[in-house]
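In: Sequence below, structure please.
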Amino acid sequence: MTGQKDRYSTTEKQWKIDDEQLTTPRHDEMVLSLLNKPALENICSLLKYTITDDRFLIRSELPITTSSGFIIGYWDVAYLSMTGSSIYIEVKPTVDSFGKVLRQINTYRRYQISRHDIVVLYTDDKRFVDAFESQDIRVISP
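Out: As a prediction, the model looks like this:
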């Protein structure tokens with residue numbers, strides 16, 4: 001025993017931006033609904049984004065890391081383009097706190113997103129749509 005009982009394995013836990021909704025059936029249902037090409041096409045249609053080729057990878061629970069490999073968190077779903085903008089999606093069945101979700105997404109953006117990529121909040125909760133979109137986070141409902 002080293003005596004270091006309170007060590008954190010990820011910045012997400014250390015900064016207390018971990019997502020309690022990850023273990024809910026609704027979160028799983030929403031994530032699983034996005035893991036196919038028709039869902040990608042639907043999301044792109046809602047975003048008014050044109051897919052120029054078929055070279056997209058669809059990934060779930062995509063790790064976000066620092067340059068040294070430390071895990072910051074995970075994108076719930078990512079549509080990774082080989083030639084254009086990628087789409088990163090954070091799934092939240094409900095938004096318990098606008099500020100908490102905004103901090104989480106901004107932290108994730110800081111470590112992974114290029115300026116051409118698109119960030120999406122996929123949620124049933126429509127209370128903060130205008131606020132998120134003012135922060136360049138697109139909001140889409142199932």
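In: Any buried residues in the longest helix anywhere in the chain, and which?
Out: Identified as the longest helix of the chain according to DSSP state H is helix 98-112. Neighbour counts over helix 98-112 (16 or more other CB atoms under 10 Å) mark 101, 102, 104, 105, 107, 108, 109, 112 as buried. Backbone N, C-alpha and C define where each C-beta goes, glycine included.
In: Distance to residue 29 and pLDDT added to those residues, as CSV?
Out: Below are these laid out as CSV (distance: CB to CB, whole Å; pLDDT from 0 to 100):
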residue, distance to residue 29, pLDDT
101, 19, 96
102, 24, 97
104, 20, 94
105, 21, 95
107, 25, 93
108, 22, 93
109, 26, 92
112, 25, 77
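In: Present those residues as CSV; the columns should include distance to residue 130.
Out: Converted to CSV, the buried residues of helix 98-112 look like this (distance: CB to CB, whole Å):
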residue, distance to residue 130
101, 14
102, 13
104, 19
105, 16
107, 22
108, 21
109, 19
112, 25
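In: so which of those comes closest to residue 127?
Out: residue 101 (11.2 Å; CB to CB).
In: separation between the closest one and residue 139?
Out: Going from residue 101 to residue 139 by CB to CB, to the nearest Å gives 10 Å.
In: quick one: common contacting residues for these two?
Out: 121, 128, 132 (CB atoms under 8 Å, 6 or more residues apart in numbering).
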